[in-house]
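# okay, predicted coordinates and the sequence, questions at the end:
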Amino acid sequence: MANVKITELPAGAALVGDELQELVQVGGNVKSPVGKGIDESYIVGLKLTWNSVSQFTVSTGAAYLTSLGRALKVQSPIVVNTSGLSIRTLYYVYLYNSGTVSAPVAAIEYSTTAINATPYFGTAHEKSGDTSRRFIGVFATNASGQVIDFIYNTAAGRFEFRKSVLLDISSPYFALFLGASKTWATVSMVNAIPPNCRLVSVILRNTDATHSVVMGMPEYDSDPVVTILNATTAYIDFPTNDSRQVAYKYDTGGTVTGGFIIAIFAFYFER
């Protein structure tokens, strides 16, 4: 096999996905694209960090954009100032190109428009109906339309509130407040978690002093996943069904005093 010499490769940090590098070998020179073979689900960095009730930062990194046909790089952290946010709402954060194909410029958009429920490739998602917007994260607002303090672990795909959302019982993160059904009842989490989330971290509190409550998924209500004893509080990770629902019922024919609380304080999703 002939020796192959690759010359004048740029530093890894300089690659944007459309470079042509010269391969020098016996028999002549050829051009080979560097970065064109990048996985369409590619993403690195681009971590969201909460700064204040009206501001967050997107770290350096890069992600593949379908509309661009290659990865778009964020060279420096982007500080995003928010305004006019709706109350008690989940917002989706997208990376997009505000420049041209030949001279791309990384920019960030936040929107109430959710991602496509089905990944466009691998685990990657885009804004519904818009292939120019690559999904990179979420944030949520409180009863005053302010960004709730959060932390996002990109490696684990875990989004967690660092400031309690459990002071506002009208929040979608109170998925259930003092439910007292004695037959299987469905609890929706659609307004609290993104379409690609199937695992939530919840506080389960049974305030009834006498009776236990069972919890599962609507499709398997004859086979409860967990039982919460009377006057008990539990912190667990719990799966939802594909419709982002769970189900519960009090395991009694008697009178329920108090009720069952399901409060979401963290959830998992892929990018």
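Nice, I can see it.

# surely Phe174 touches Ser164?
No - using Cβ atoms under 8 Å, Phe174 is not in contact with Ser164; the gap is 11.4 Å. Quick note: C-beta positions are derived from backbone N, CA and C, even for glycine.

# pick out whichever of those two has more residues nearby.
Between Phe174 and Ser164, counting by other Cβ atoms under 10 Å, Phe174 is the more crowded of the two (19 against 12).

# show me the contacts for that one.
The contact partners of Phe174, by Cβ atoms under 8 Å, 6 or more residues apart in numbering, come to 166, 168, 261-263.

# now with 7 Å, please.
Listed by Cβ atoms under 7 Å, 6 or more residues apart in numbering, the contact set of Phe174 reads Ala263.

# domain assignment for this protein?
4-34, 43-161, 174-268 (automatic domain parsing).

# just the terminal-to-terminal distance for the longest one.
Which is domain 43-161. End-to-end distance for domain 43-161, by Cα to Cα, to the nearest Å: 23 Å.

# cool, stretch 223-238 as well?
Terminal residues of stretch 223-238 lie 14 Å apart, using Cα to Cα.

# buried residues, it. List them.
Buried residues in stretch 223-238, defined by neighbour count with 16 or more other Cβ atoms under 10 Å: 224, 228, 230, 238.

# out of those, the closest to Gly84 would be?
Phe238 (33.9 Å; Cβ to Cβ).

# just send the domains of the chain back as TSV, with mean pLDDT too.
Formatted as TSV, those follow (pLDDT from 0 to 100):
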stretch	mean pLDDT
domain 4-34	43
domain 43-161	97
domain 174-268	95
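
# from Ser111, how far off is Leu90?
11 Å (Cβ to Cβ, to the nearest Å).

# so which of these two has more stuff around it?
More crowded of Leu90 and Ser111, by other Cβ under 10 Å: Leu90, with 18 against 14.

# for that one, which residues are in contact?
138, 140, 191-192.
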